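Trainee: Need coordinates for the below:
(4 chains)
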2 protein chains.
Amino acid sequence: MSIRVTQSDVARRAGVSRATVSYVITGRAGGSVQITEETRQRVLAAVAELGYQPHAAARSLRSGRTDTIALLVPDGSNPHWWAIVRGVEAVTRAQGCQLVLSITGQEAERERQSLRALAEQRIDGLILILTYAGRLAGELEALRLQGSPIVTFGHELPGKDLVTQDYGPGTREMMDHLIGLGHTRIGFIHGVARTGLGADRLFAYRRALRAAGLPYEKQLIVQCGPNPDDGACGARRLLDLSPRPTAILGVNDLMAMGALQAAHERGLAVPADLSVAGFDDIDLAEHLTPPLTTLRANGETIGRQVATLLFQRLSDPERPQQRVAIPTELVVRGSTGCGRSPN
Amino acid sequence: MSIRVTQSDVARRAGVSRATVSYVITGRAGGSVQITEETRQRVLAAVAELGYQPHAAARSLRSGRTDTIALLVPDGSNPHWWAIVRGVEAVTRAQGCQLVLSITGQEAERERQSLRALAEQRIDGLILILTYAGRLAGELEALRLQGSPIVTFGHELPGKDLVTQDYGPGTREMMDHLIGLGHTRIGFIHGVARTGLGADRLFAYRRALRAAGLPYEKQLIVQCGPNPDDGACGARRLLDLSPRPTAILGVNDLMAMGALQAAHERGLAVPADLSVAGFDDIDLAEHLTPPLTTLRANGETIGRQVATLLFQRLSDPERPQQRVAIPTELVVRGSTGCGRSPN
DNA sequence: TTGAAAGCGGTACCAG
DNA sequence: CTGGTACCGCTTTCAA
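Mentor: Numbers count the residues shown, from 1 in each chain, chains lettered A, B, ... in the order given. All right, here's what the predicted structure looks like:
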């Protein structure tokens, strides 16, 4: 609880004025302002002796910069989001900024609350991961956040930079992989927190079927919630069909895990009796039994990319709107195979 | 990029002085200061019309409060840490504060860097999860953070509140469970990022063996890194022993996953050929095949508790040092069983 | 009940 | 090359 050391204390100690201290601290010495090396050293020494630490709020008040960015993520339970957070954190740290984290949990109200708080905090920039696209524009407008640097992932905000991940082509690869293995009846677990999410995968799923001349059976598509529990539940519904599908595709790895679990409960061997695959390639996917075939969408890469875009925007507000697509990659592991005929 | 709306603008609009606006905004009206209801409404109306948002930095500079707390977590890959972050975030949000997240990744240097940055930010409080206990005290001293409200989890900082989780008794339960199933040779995968971590579990493991009159075989304890890969690697080493252990205990769920993976590679059935168990009960543990027996240490609860302690400290700096122990709970699932004799 | 004014700690312009 | 100083936007005491 020692009394705060201010710039004035340093100035007094070093026998210079506050301005000089400021110049030295901010490293302006040598640039627009010339400071004797000797003076510089004296200031630095005083700083060290006194243990002076600049006051961020004061600096921010004056400079207008906060050296803080904020990140809104929708969900606390899918490891994929955490990988994104990790990527964002890494870049933010490298840029010498602080990261404010807000978990909105798929609720519009919490999202709004977070945005309101952030607006007051006067963040330098904002990263929105899969937020409520529709309502958002108006919200941002109201909060006068519209002008701030924003990068989104998972949906577009007019005029803002964005990172996209089109699962479409990858889904096609995945389907071709499964169809190539001889599967003709492929279940799809569409477990999402909001309607609209995962639509790209579902769409590509149908197209792939059509392209392969396979029938599209509505009953093979199961809608459920976003948790592995829901996924297991959905998978059970698929396995109850007769004849049952010989492969199940989860809209993400969590759903695929649910399918693995359901298969295990039913005494079905994977992939002998049932092939299972997911999307994202979360860290644990490769350590499941059997290791999960999945379409990789490296979360950390996404996070890094999103953050990088934000910092570029920060340093050049005038650059044209950016749009970066993250490629996906089919990762074939042990959970998919030819399989024997059911029943 | 609209020009900033300040308190003065509101004051002018409402035809009052800045002070009055401040009183209304901070809700002081009715307390030490009396404001006519009519004036209050006029101010509120002006605020709404102008879309005025208080400037956090300015307020903070004046009031000394930042309404921000920081959280240092060691690792970005163990889902258990993320659960803790979730808990902290939830409480922080409920308190109307911002959460600054810093992932230190088990590196002392990054930890120091984070602390330095936080010291400048003048955070209201700090939560340290499993940081470098030893070096830390001196570090905090140097950064004049010593006086700030701090709550730790996973190690003690002199005089600071802390949340502890003693895995000891639970480990004993776990061992009794395994021994009760007939296992006499139980492998232990000690995969940690730093020496010292997980010592409580290892210690209880040895005590439980002794209590049961079972021999302690050094070769049954495998040291490895903290990732599931390392865990799988460690498990393979255990399975290479002859006779091999009939049960494997991982120092956390990730290690247990590695063991499940290794067992699967070897064609060993779990739990028929090998029982596997872990610690923490991460979200996914119950969805593994087979569902993992584990000692639950609910991460979200830990996070909530840690954050709650911090906010209590914030509101009453004089209260005596607090120490809260989080209970563990043995969760028996399908990955442990009697098993048949190996070979 | 309301207003004037003094800072909070830095930054950066301008004069010397 | 260095020092004086006017602000940044808000809180809070003191007077009116």
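Trainee: where does the stretch 101-250 of chain A have low pLDDT?
Mentor: For the stretch 101-250 of chain A, residues meeting the criterion pLDDT under 70 lie at A:132-137, A:142, A:144, A:146.
Trainee: how about the strands in it?
Mentor: Using DSSP state E, counting those that start in this stretch, the strands of the stretch 101-250 of chain A run over residues A:125-129, A:150-153, A:161-164, A:186-191, A:221-224, A:247-250.
Trainee: Who are the packing partners of the second one?
Mentor: With contacts defined as 3 or more CB pairs under 8 Å, 6 or more residues apart in numbering or on different chains; DSSP states H and E, strand A:150-153 has these neighbours: strand A:125-129, strand A:161-164, helix A:299-315. Backbone N, C-alpha and C define where each C-beta goes, glycine included.
Trainee: most packed of the strands of the stretch 101-250 of chain A?
Mentor: Among the strands of the stretch 101-250 of chain A, strand A:247-250 has the highest mean neighbour count (mean count of other CB atoms under 10 Å in any protein chain shown), at a mean of 32.
Trainee: how about the CA coordinates for it, as PDB?
Mentor: Output of strand A:247-250 as PDB, limited to C-alpha atoms (Å, rounded to 0.1, in the frame of the first residue of the first chain):
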ATOM      1  CA  ALA A 247     -21.700 -43.600 -40.900                       C
ATOM      2  CA  ILE A 248     -22.500 -40.600 -38.800                       C
ATOM      3  CA  LEU A 249     -21.200 -37.100 -39.300                       C
ATOM      4  CA  GLY A 250     -21.400 -34.700 -36.400                       C
END
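Trainee: From the contact counts, what lies against that strand?
Mentor: Against strand A:247-250 (3+ CB pairs under 8 Å, 6+ apart) you get helix A:167-180, strand A:186-191, helix A:228-240, helix A:253-265, strand A:275-280.
Trainee: isn't residue A:39 right next to residue A:16, touching?
Mentor: Yes: Residue A:39 is in contact with residue A:16 according to CB atoms under 8 Å; the separation is 6.2 Å.
Trainee: coming back round to it: let me have the helices and strands packed on strand A:247-250 in CSV, adding distance to DNA strand C as columns.
Mentor: Output for these, formatted as CSV (distance: least, CB to the nearest atom of the strand, whole Å):
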stretch, distance to DNA strand C
helix A:167-180, 45
strand A:186-191, 49
helix A:228-240, 49
helix A:253-265, 46
strand A:275-280, 42
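Trainee: wait, which of those is closest to DNA strand D?
Mentor: Nearest to DNA strand D, of all the helices and strands packed on strand A:247-250, is strand A:275-280, at 42.5 Å by CB to the nearest atom of the strand.
Trainee: who touches that closest one?
Mentor: Contact with strand A:275-280 is made by A:78, A:80, A:167, A:170-171, A:174, A:177-178, A:181, A:183, A:201, A:246-257, A:259-260, A:263, A:270, A:285, A:292-297, A:299, A:335-337, A:339, as judged by CB atoms under 8 Å, 6 or more residues apart in numbering or on different chains.
Trainee: re earlier: tell me which of the helices and strands packed on strand A:247-250 approaches residue B:281 most closely.
Mentor: When those are compared by CB to CB, helix A:228-240 sits nearest residue B:281, at 13.5 Å.
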